[in-house]
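Student: Let's see this in three dimensions:
(chains A and B)
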Amino acid sequence: DTGVSQDPRHKITKRGQNVTFRCDPISEHNRLYWYRQTLGQGPEFLTYFQNEAQLEKSRLLSDRFSAERPKGSFSTLEIQRTEQGDSAMYLCASSLRDNTDTQYFGPGTRLTVL
Amino acid sequence: GENVEQHPSTLSVQEGDSAVIKCTYSDSASNYFPWYKQELGKRPQLIIDIRSNVGEKKDQRIAVTLNKTAKHFSLHITETQPEDSAVYFCAASKPTNAGKSTFGDGTTLTVKP
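Tutor: This next block holds a predicted model:
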């Protein structure tokens, strides 16, 4: 499978715990995006990377959230001191910086905070 | 920032009928408008997209139209089939945002056999 992959697919955690998600983009794609999706809503932009540089962060991304893409390939999204309101589907997407910038989504990580 | 509104939130049609979903956007600088189909528990899949230099694009049973002046775009599905049942999202992005997309809230399409 040469598409975007995410791990884990599901994560259940207790409030206050830290969690980390991983995204592996399509190999030649240099842009990587993180979105959050809650039930009945469209994906909401969180942050994006061009290669290893994090170029934009949404104000939705509180201080408890941090994302990295250390070598410009895979990315991790960490949530510290999780809260019940963090429960959502976390989607990763990647694109090739060309004149289309078409984004391809991964299957998502569903986070449940108890 | 960009705001995208999508209507209707739910749509039920008989198999074989057409379905139309409409979106409006607020930022006139937006120039790329993709549509995604998301089946339950699955990832959003791009089904068609349009850029602001064209007014209409068609791919088999799916078409998208864009009215830049009115800042709205629509998805048209003809000869609907039960497997078209899913949630459809529209989105808008602009070159200065490096492809960051603002999504609508989705339309749940149900095609009754």
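Student: name the element residue 33 belongs to?
Tutor: All of this refers to chain A. Element membership of A:Tyr33, judged by DSSP states H and E, is strand A:31-37.
Student: actually it's chain B I care about, not the one you picked
Tutor: In this structure, B:Phe33 sits in strand B:32-38 according to DSSP H and E.
Student: From the contact counts, what lies against that strand?
Tutor: The contact analysis (3 or more Cβ pairs under 8 Å, 6 or more residues apart in numbering or on different chains; DSSP states H and E) places strand B:32-38 against strand B:45-51, strand B:62-67, strand B:86-92. For every residue, glycine as well, the C-beta is placed using N, CA and C.
Student: For chain B, what lies in contact range of chain A?
Tutor: Neighbours of chain A within chain B, by Cβ under 8 Å from any Cβ of the partner chain: B:4, B:6, B:32, B:34, B:36, B:42-46, B:49, B:89, B:91, B:93, B:97-106.
Student: which ones are touching A:Val113?
Tutor: By Cβ atoms under 8 Å, 6 or more residues apart in numbering or on different chains, the contact set of A:Val113 is A:13-15, A:82-87.
Student: Now with 10 Å, please.
Tutor: A:11-17, A:19, A:79, A:82-88 (Cβ atoms under 10 Å, 6 or more residues apart in numbering or on different chains).
Student: Can you select the buried ones from the residues you listed in ChimeraX?
Tutor: Selection of buried members from those for ChimeraX, criterion 16 or more other Cβ atoms under 10 Å in any protein chain shown:
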select /A:11,13,19,79,82,86,87,88
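Student: Out of the contacts of A:Val113, which comes closest to A:Tyr33?
Tutor: A:Ala88 (15.3 Å; Cβ to Cβ).
Student: so what's that closest one bridging to?
Tutor: Bridge pairing for A:Ala88 (DSSP bridges) gives the partners A:Leu111.
Student: Would you show me how to pick out the buried ones of the residues of chain B next to chain A in PyMOL?
Tutor: If you want just the buried ones from those in PyMOL, going by 16+ other Cβ under 10 Å, the selection is:
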select buried, chain B and resi 4+6+32+34+36+43+44+49+89+91+93+97+98+99+100+101+102+103+104+105+106
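Student: still on that earlier bit, which of the contacts of A:Val113 sit farthest apart?
Tutor: A:Gly16 and A:Ala88 (17.2 Å).
Student: re the thing from before, just checking, which of the contacts of A:Val113 belong to strands?
Tutor: Members of these lying in strands (criterion: DSSP state E): A:11-13, A:19, A:79, A:88.
Student: any chance of those residues in JSON lines, with distance to A:Trp34 and pLDDT too?
Tutor: Listed next are these as JSON lines, based on distance: Cβ to Cβ, whole Å; pLDDT from 0 to 100:
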{"residue": "A:Lys11", "distance to A:Trp34": "15", "pLDDT": "97"}
{"residue": "A:Ile12", "distance to A:Trp34": "20", "pLDDT": "98"}
{"residue": "A:Thr13", "distance to A:Trp34": "18", "pLDDT": "97"}
{"residue": "A:Val19", "distance to A:Trp34": "14", "pLDDT": "98"}
{"residue": "A:Ile79", "distance to A:Trp34": "11", "pLDDT": "97"}
{"residue": "A:Ala88", "distance to A:Trp34": "11", "pLDDT": "96"}
